[in-house]
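Participant: Give me a model of this one.
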Amino acid sequence: MQTNSVDSDASRSALAILIGADTAMLDDVRAKLNAPVALAALSVDDWNAALSPWPAPGLRAKEPFTGGAHQTLERLMAQLPSLRNQAEAELGVKPAYTFMVGYSLAGLCALWITAQTNEFQGVGSVSGSIWYDGFCEYMAAHPPQAHMVYLSLGKSEPRARNPRLARVGECTQAMHDLLARNAYDVTFEWNPGNHFNDASGRIARCVYWLWAHCDG
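Facilitator: Below is the predicted model:
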């Protein structure tokens, strides 16, 4: 975990936990991020299991979503004190904000996690799988407890051939509109390209937006 420092204001110090990320992704995001934010990863072995909030059919045969996000949340909560202590050692101050950020299915899981706990002040769903069966309806009844919400997609993502995936644009817009009506600090950014373009750059923009919108 390392930081980039452009601001010495302790009231805006932050920790961003990137769910589903590995060391290479952390390094790529760090190289593109210009903010005093400590980065940490919560890696997972099986995305379809660990990042799905409830069972659903898979996008490929024999690869169902099995609904293991509850176990991932338990692991995150167990590790959170240690992650914050590491961030404090590197920032020189206790992080005033903690963000939960994820890409693709991890972005969906990040939103779901912040509906379960108030430990996070900001959440980022970057090219998030908000098309997931029943997710928008669930979040309407169980909104995020984080007050800053960053949503993004690639411009070509709604043109996916799979009809479930093709719903991602309308579902993400509906999520944005719901949160905006309820006075969240929320944005929805469209990026060039498809789901796979510049993942680390998109995550870095998300983390920077969350940091820039801190109240400090």
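Participant: Just confirm Ser156 contacts Asn194, I think it does.
Facilitator: Yes - the pair Ser156 and Asn194 passes the contact test of CB atoms under 8 Å, sitting 4.5 Å apart. (C-beta placed from N, C-alpha, C; glycine too.)
Participant: for the chain, what spans make up the helices?
Facilitator: Ranges of helices within the chain are 23-32, 47-50, 69-91, 105-116, 135-141, 168-181, 199-212, based on DSSP state H.
Participant: which residues sit against the third one?
Facilitator: Here helix 69-91 makes contact (CB atoms under 8 Å, 6 or more residues apart in numbering) with 1-3, 13, 15, 17, 19, 36, 38, 40, 42, 44, 50-53, 94-95, 98, 109, 112-113, 116-117, 119.
Participant: isn't Ile166 right up against Ser156?
Facilitator: Residue 166: Ala, not Ile. No - counting by CB under 8 Å, Ala166 sits too far from Ser156 to count as a contact (10.8 Å).
Participant: what's the offset of stretch 83-102 from the middle of its chain?
Facilitator: Its chain's C-alpha centre lies 16 Å from the corresponding centre of stretch 83-102 when counted by CA atoms, centre = their mean, to the nearest Å.
Participant: distance between the ends of that stretch?
Facilitator: Using CA to CA, to the nearest Å, the end-to-end distance of stretch 83-102 comes out at 17 Å.
Participant: Next, the buried residues of it.
Facilitator: Buried residues in stretch 83-102, defined by neighbour count with 16 or more other CB atoms under 10 Å: 83-84, 86-87, 90-91, 95-102.
Participant: again, but for stretch 53-69
Facilitator: For stretch 53-69, by 16+ other CB under 10 Å, it's 53-54, 56, 65, 67-69.
Participant: which residues touch the residue nearest the centre of the chain?
Facilitator: Nearest to the geometric centre of the chain sits Val101, at 2.4 Å (CA atoms, centre = their mean). Going by CB under 8 Å, 6+ apart, Val101 touches 16-19, 107, 110, 123-124, 126, 150, 203, 206-207, 210.
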